[in-house]
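A.B. asks: curious how this folds, go ahead:
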Amino acid sequence: MKTGIIVADIQGDFTELKDGPLSVEGTDQRFIDEIIRNTRMLKQAGFPVIVTQDWHPANHVSFYTNHEGKKAFETISIQGKTQVLWPPHCVQKTEGAALLIDDELFDAVVRKGTNGKYDSYSGFEDDGGFETPLNSILKKWSITNLVIYGVATDYCVEATALDGLKHGYNVIVIKDLTRGIDPESTKSALAEMEQGGVVVFDTIDLNKLK
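C.D. replies: Below you'll find the predicted structure:
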């Protein structure tokens, strides 16, 4: 069995470090440093590392500015699904979309949310069912186990973890290396992941990942 690392959406627009429009509480310099330190440790231990990157066109369906009369964080129904309307974030080729992890620390980047018609929390596919390259990369590398951390616990981390299970992977989430948007939904997300079969560790223990 082979373990791969997925680091979710460590981008300026999601962090307090860069005062992003969707900055998640607790994503300060100390948190980013911990993400980098642990990712470097895992990389040096021989684990392949993939980072996911929100990469939205300016006309993305999730931006409240693309819906006349709507405000940030309102919800609407699109094609029978509930859509949270977010402030514009991680627009392609903007500074806020840039990754905060050095290129040398990862082996591949998987961009998501590139289709303006669909939101995409999961690193595997968007809400329209269109798949990213993530599963193909993992299969090519013969990965069977996933270790996931990053932001946000109650959105992209949870969606990626649960889709990982659906694709047949064993999934571990590192709690101390994730941050959520809302305390209550973060708590619920962790519980839902565990109920679904995700293993939640507080911290990384290399001995448990081998």
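A.B. asks: who are the packing partners of the host helix or strand of I32?
C.D. replies: Under the criterion of DSSP states H and E, I32 resides in helix 29-44. Applying 3 or more C-beta pairs under 8 Å, 6 or more residues apart in numbering; DSSP states H and E, one finds that helix 29-44 contacts strand 3-8, strand 49-54, strand 145-151, strand 170-179, helix 206-209. (Each C-beta comes from the backbone N, C-alpha and C, glycine too.)
A.B. asks: how about the strands in this protein?
C.D. replies: 3-8, 49-54, 75-78, 81-84, 108-112, 145-151, 170-179, 199-201 (DSSP state E).
A.B. asks: next, format these as CSV and append mean neighbour count and mean pLDDT.
C.D. replies: Conversion of these to CSV gives the following (neighbours: other C-beta atoms under 10 Å; pLDDT from 0 to 100):
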stretch, mean neighbour count, mean pLDDT
strand 3-8, 26, 98
strand 49-54, 24, 98
strand 75-78, 12, 93
strand 81-84, 13, 92
strand 108-112, 20, 98
strand 145-151, 25, 98
strand 170-179, 21, 98
strand 199-201, 15, 97
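A.B. asks: correct me, but T178 touches G150?
C.D. replies: Yes: applying C-beta atoms under 8 Å as the test, T178 and G150 come out as touching, 6.4 Å apart.
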